[in-house]
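K.L.:
quick one: sequence plus predicted model below, questions after.
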Amino acid sequence: MLNKVPEVTIFFWVIKIMATTVGETAADFLNVNMHLGLTGTSIVMGVVLLGFLLVQLRAGKYIPWIYWATVVLLSIFGTLLTDNLVDNFGVSLQATTAVFSAALAATFVSWYISEKTLSIHTICTTRRELFYWAAILFTFALGTAAGDLAAEGLQLGYAASALIFGALIGLVALAHYAFGANAIAAFWIAYILTRPFGASCGDFLSQSPDSGGLGLGTVGTSALFLGTIFALVSYLTVKRNKVSVPQEEV
């Protein structure tokens with residue numbers, strides 16, 4: 001089986017951040033505008049996610065549209081997971097942040113004990129891929145809780161939260177590229193931080209000016225970012241096909 005995840009390039013991070021933004025705004029859109037409610041939205045998105053996850057697991061190689069559709073759906077479902085705990089069950093943002101931090105740590109420990117690596121460059125077995133997707137889900141849920149805790153719980157506001165998490169991502173990049181920090185650790189820390197960064201950007205764009213946003217709304221913000229993700233994934237698919245054709249003909 002070939003590696004099932006994409007190379008970590010600038011396109012990877014751009015699409016990933018946009019996927020996290022869509023996770024925030026689409027969850028709000030389905031919950032509020034479509035009147036599905038948190039529980040109904042969670043059930044619908046859970047079923048859709050399960051379908052795409054099965055398709056992704058059965059694929060024998062990395063296929064851009066399947067992979068990124070699964071990421072977007074995980075982003076939405078991870079957001080709903082946290083929102084359900086906070087809004088429906090009254091769990092505090094501090095507690096959800098702690099719980100998902102522990103769940104993510106447990107996933108990494110189990111992954112490392114089982115596979116002796118946390119590298120994303122060798123996601124070439126079903127077991128490694130299951131660890132990978134579990135880690136992705138918990139990073140989204142943790143990022144949502146941490147982002148909401150910073151923006152709402154600590155009353156920093158959406159713009160300030162985005163700047164803070166963006167600066168932290170910059171520090172991680174600096175630590176890796178300038179000071180040789182471990183690549184795997186830097187990747188996963190940046191991956192976690194992009195979730196609250198993307199969510200804060202999404203809230204800043206979609207929320208009303210009275211709430212500290214620009215007032216684009218969840219529909220406009222979701223459509224803008226989904227359209228951009230579609231364009232980038234289409235470009236990567238075409239580019240990948242052009243590169244792979246000569247190799248297959250050899």
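P.N.:
Ah, there it is. Numbers count the residues shown, from 1 in each chain.
K.L.:
looking at it, residue 49 is touching residue 75, isn't it?
P.N.:
No. Counting by Cβ atoms under 8 Å, residue 75 is not a contact partner of residue 49; they are 9.9 Å apart. All C-beta spots, glycine's among them, are computed from the backbone N, C-alpha and C.
K.L.:
neighbour count for those two, which is higher?
P.N.:
Taking neighbours as other Cβ atoms under 10 Å, residue 49 and residue 75 compare with residue 75 leading, 31 against 22.
K.L.:
if I look at the more buried one, how far off is residue 177?
P.N.:
Between residue 75 and residue 177 the computed distance is 26 Å (Cβ to Cβ, to the nearest Å).
K.L.:
quick one, strands of the protein?
P.N.:
Under the criterion DSSP state E, the chain contains no strands.
K.L.:
what comes up buried for the longest helix along it?
P.N.:
If you go by DSSP state H, the chain has its longest helix at helix 217-249. For helix 217-249, a neighbour-count test (16 or more other Cβ atoms under 10 Å) marks 217, 218, 221, 222, 223, 224, 225, 226, 229, 232, 233, 236 as buried.
K.L.:
got it, and stretch 10-23?
P.N.:
Buried, per 16+ other Cβ under 10 Å, within stretch 10-23: 11, 12, 15, 16, 17, 18, 19, 20, 21, 22, 23.
K.L.:
need those residues in TSV with pLDDT and distance to residue 97, can you?
P.N.:
Listed next are those as TSV, based on pLDDT from 0 to 100; distance: Cβ to Cβ, whole Å:
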residue	pLDDT	distance to residue 97
11	92	30
12	93	26
15	92	25
16	89	21
17	88	20
18	87	23
19	87	21
20	83	16
21	81	20
22	82	22
23	76	17
